[in-house]
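In: quick one, fold the following:
(chains A and B)
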Amino acid sequence: GESVGLHLPTLSVQEGDNSIINCAYSNSASDYFIWYKQESGKGPQFIIDIRSNMDKRQGQRVTVLLNKTVKHLSLQIAATQPGDSAVYFCAETSSNDYKLSFGAGTTVTVRA
Amino acid sequence: DTEVTQTPKHLVMGMTNKKSLKCEQHMGHRAMYWYKQKAKKPPELMFVYSYEKLSINESVPSRFSPECPNSSLLNLHLHALQPEDSALYLCASSPREVTEAFFGQGTRLTVV
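Out: Got it, this is the predicted structure:
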């Protein structure tokens, strides 16, 4: 599968491989994190979230990992499909806040 | 109904025009948001309404004027915009302070 250790703006993945998208967050007070998927011409779509009292959470074909020590978040997509091609954003906030701050985003392109 | 609906989908306006963007949700969410997104950039928070009261204004110029007529509706009134205000304007809602924020499809605004 494809994986990167640092945040990269683009990721090209072979269909069927696993993808790993990385995100570094800056605010130590953040305790709630969300991954969004944004397809061209559409609004961001919720994928999965995780709170700071967890270090891993799984959904359907997706897993989010949180490393609070180094303030790092990752999204793993299993068996990447053409429909997974999109821009992926991580977002952070704290539980009592309304401010949801987005990371720079990673554009994922799935090769057939 | 799990949707956030934004109208219009596209808007072209002159710098002397006055127009309004509309957003509606029927999920009973008590927090609603306006974000601005430039091409290939993450969404940037503009305003937050909590229980129909403006709780956050991220130093947005006064040519953007938000309004929350009731718990289901959010408007963004536009007046004397500049070409650099052209962007995708996204509305979002969440049950209270940020948990899962659901986004609409956005209004693609072009100022000429």
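In: could you report the distance from residue B:108 to residue A:94?
Out: 31 Å (Cβ to Cβ, to the nearest Å). C-beta: built from backbone N, CA, C; applies to glycine.
In: ugh, wrong one, I meant residue A:20
Out: 26 Å.
In: got it, and residue A:60?
Out: Residue A:60 is 27 Å from residue A:94, by Cβ to Cβ.
In: and what of residue A:41?
Out: Separation of residue A:41 from residue A:94 (Cβ to Cβ) stands at 31 Å.
In: okay, those two: which has more neighbours?
Out: Per other Cβ atoms under 10 Å in any protein chain shown, whichever of residue A:41 and residue A:94 has more neighbours is residue A:94, with 16 against 10.
In: right, and the more buried one touches residue A:28 too?
Out: No: with contact defined as Cβ atoms under 8 Å, residue A:94 does not reach residue A:28; the gap is 9.9 Å.
In: for residue A:11, which non-adjacent residue is closest in space?
Out: residue A:108 (4.9 Å; Cβ to Cβ, 6 or more residues apart in numbering or on different chains).
In: neighbours around that neighbour, how many?
Out: Per other Cβ under 10 Å, the neighbour tally for residue A:108 reads 21.
In: enumerate the residues of chain A near chain B.
Out: Residues of chain A lying close to chain B (Cβ under 8 Å from any Cβ of the partner chain) are A:32, A:34, A:36, A:41-46, A:49, A:89, A:93, A:95-105.
In: what residues sit buried inside stretch A:33-42?
Out: A:33, A:34, A:35, A:36, A:37, A:38 (16 or more other Cβ atoms under 10 Å in any protein chain shown).
In: which of those fall in strands?
Out: A:33, A:34, A:35, A:36, A:37, A:38 (DSSP state E).
In: residues contacting the closest residue to residue B:14 other than its chain neighbours?
Out: Nearest in space to residue B:14, with sequence neighbours left out and distances taken as Cβ to Cβ, 6+ apart, is residue B:112 at 5.8 Å. Residue B:112 makes contacts with B:12, B:13, B:14, B:15, B:83, as judged by Cβ atoms under 8 Å, 6 or more residues apart in numbering or on different chains.
In: one more: residue A:53?
Out: Counting by Cβ under 8 Å, 6+ apart, residue A:53 makes contact with residue A:31.
In: that one and chain B, how far apart?
Out: For residue A:53, the distance to chain B equals 15 Å [Cβ to the nearest Cβ, to the nearest Å].
In: that residue belongs to a strand?
Out: No: read with DSSP: H, G, I helix; E, B strand; the rest coil, residue A:53 is coil and lies in no strand.
In: partner residues bridging residue 57?
Out: Defaulting to chain A. Beta-bridge partners of residue A:57, counted by DSSP bridges, are residue A:64.
In: chain B, not that one
Out: Beta bridges link residue B:57 to residue B:47 when assigned by DSSP bridges.
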